[in-house]
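> Prediction below, plus the sequence it came from.
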Amino acid sequence: MKTFMKYMVVMVVSLSGLTGNNVLAEKMNIPEIDSLDLGALAQDAAKEKKQLMVVYYKGKCEPCDQLSLNGTAGDQNGSQIAPDFVMYKTNVSAGFNVVCPNGEQFANEEFMSIKGIAKLPAVVITDSFGNVMYVENNVTSKGQLLAVSDKYKKRNMVSSKASMTGASD
């Protein structure tokens, strides 16, 4: 019976035009990644007309653990990340390389230093190519994480409107 239900969910998802990955991301906490190819992740997000948001943390990510991606706009806990982001978290304690859009690779500590990621947890938002656009350091609560999401959602809306009208920042 469980197998049948699993296939029914996949069928409904397929019929609705969603991918299995989207449904899984919406039904669980922020996905953990242990390798970072910013270009590939950002391009995947861009296919969904979204931007990439990655939370860097060390040890335990309190704001990540307090937040799930299945909140709704009317959620009384206010736990919804702006819907125009694809979000991941990564534990820098694990040690990994970051692959930049131009193919350069950096050890995570070196990448963090170059990009100004100083106090963890920190949030990184990229453009559609994977170039780091914004860094917010010391994001220590769910409320701060939601505020970062909202802040850059608004900036991105303004940038999108400006590019559609031919105006520049």
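On my side now, so go ahead.
> going forward, measure contacts between C-alpha atoms and count neighbours the same way
Will do.
> what's across from the closest residue in space to residue 116 that isn't next to it in sequence in the sheet?
Spatial nearest neighbour of residue 116, excluding adjacent residues (CA to CA, 6 or more residues apart in numbering): residue 135 at 7.2 Å. When assigned by DSSP bridges, residue 135 has beta-bridge partners residue 124.
> Surely residue 135 and residue 120 touch.
No. Look at residue 135 against residue 120 with CA atoms under 8 Å: they stay out of range, at 11.0 Å.
> Next, the buried residues of the host helix or strand of residue 40.
Counting by DSSP states H and E, the element that carries residue 40 is helix 38-47. Neighbour-count burial for helix 38-47, counted by 16 or more other CA atoms under 10 Å, picks out 38-46.
> other SSEs contacting it?
strand 51-57, strand 97-99 (3 or more CA pairs under 8 Å, 6 or more residues apart in numbering; DSSP states H and E).
> Run the angle between that helix and strand 51-57 for me.
Angle between the axes of helix 38-47 and strand 51-57 is 130 degrees (criterion: axes from the mean of the first three to the mean of the last three CA atoms, to 10 degrees).
> how about helix 38-47 as CSV, C-alpha atoms only?
Listed next in CSV are the C-alpha coordinates belonging to helix 38-47 (Å, rounded to 0.1, in the frame of the first residue of the first chain):
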residue,chain,number,x,y,z
LEU,A,38,27.4,27.9,-7.5
GLY,A,39,26.9,28.0,-11.2
ALA,A,40,25.0,24.8,-11.5
LEU,A,41,22.8,25.4,-8.4
ALA,A,42,22.0,29.0,-9.6
GLN,A,43,21.2,27.8,-13.1
ASP,A,44,18.8,25.2,-11.7
ALA,A,45,17.2,27.9,-9.6
ALA,A,46,17.0,30.2,-12.6
LYS,A,47,15.1,27.5,-14.5
